[in-house]
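Visitor: predicted structure and sequence below. I'll ask about it afterward.
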Amino acid sequence: MVEDPDATLAEAEKAGGKVLFPVADQFYGFRSGRFQDPFGHVWIVSKVLEELSPKEMQKRMDAMMAGMRNKVPAEASGASSSKEKRPPKDSKSKKK
């Protein structure tokens, strides 16, 4: 846990770290982000924003997952589109 995850991640990036997950508020009540230091170690920097009951965390996670399902493109969900995508025809291979 750190006092200011945003500042900590910015400082790590200036020192050569690679941001893996930008700092953001999480459904479980933390503000956190993740970076890899120049030696390959992965660090998570977090701050508790609010203490939540397991029931409230589950409620927030369910809402987050429902929102993610609504954002999944048809290709990723396994649904097929009505138009099949084909690569463009090569103009050199056309017969005259």
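Guide: Received, thanks. Note that the structure is a prediction, hence the values are computed from the model and not measured.

Visitor: make it CA atoms for all contacts and neighbour counts henceforth
Guide: Noted.

Visitor: what's the longest helix in this structure?
Guide: helix 54-71 (DSSP state H).

Visitor: helix or strand for the residue nearest the centre of the chain, which one?
Guide: With distances taken as CA atoms, centre = their mean, Phe21 lies nearest the centre of the chain, 6.5 Å away. Here Phe21 sits within strand 18-25, counting by DSSP states H and E.

Visitor: can you dump the C-alpha coordinates of that strand into CSV?
Guide: Extracted C-alpha coordinates of strand 18-25, given in CSV (Å, rounded to 0.1, in the frame of the first residue of the first chain):
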residue,chain,number,x,y,z
LYS,A,18,7.0,-0.1,-17.8
VAL,A,19,3.3,0.6,-16.9
LEU,A,20,1.3,-2.7,-17.2
PHE,A,21,-2.0,-1.4,-15.9
PRO,A,22,-2.6,2.3,-15.4
VAL,A,23,-3.8,3.4,-12.0
ALA,A,24,-7.6,3.2,-11.7
ASP,A,25,-10.4,2.8,-9.1
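
Visitor: for it, buried residues please.
Guide: Judged by neighbour count (16 or more other CA atoms under 10 Å), strand 18-25 contains these buried residues: 18-19, 23.

Visitor: could I get the residues you listed as JSON lines with distance to Ala10?
Guide: Output for the buried residues of strand 18-25, formatted as JSON lines (distance: CA to CA, whole Å):
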{"residue": "Lys18", "distance to Ala10": "10"}
{"residue": "Val19", "distance to Ala10": "9"}
{"residue": "Val23", "distance to Ala10": "10"}
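
Visitor: ok, those residues vs Arg60, which is closest?
Guide: Val23 (18.3 Å; CA to CA).

Visitor: let me know whether the closest one touches Phe35 as I believe.
Guide: No. Between Val23 and Phe35 there is no contact under CA atoms under 8 Å: 9.7 Å.

Visitor: shared neighbours of the two, anything?
Guide: Leu9 (CA atoms under 8 Å, 6 or more residues apart in numbering).

Visitor: run through the chain and note the low-pLDDT ranges.
Guide: In the predicted model, the chain carries pLDDT under 70 at residues 72-96.

Visitor: rerun that using 90 as the cut-off
Guide: Residues of the chain meeting the criterion pLDDT under 90: 67-96.

Visitor: perfect, that will be all.
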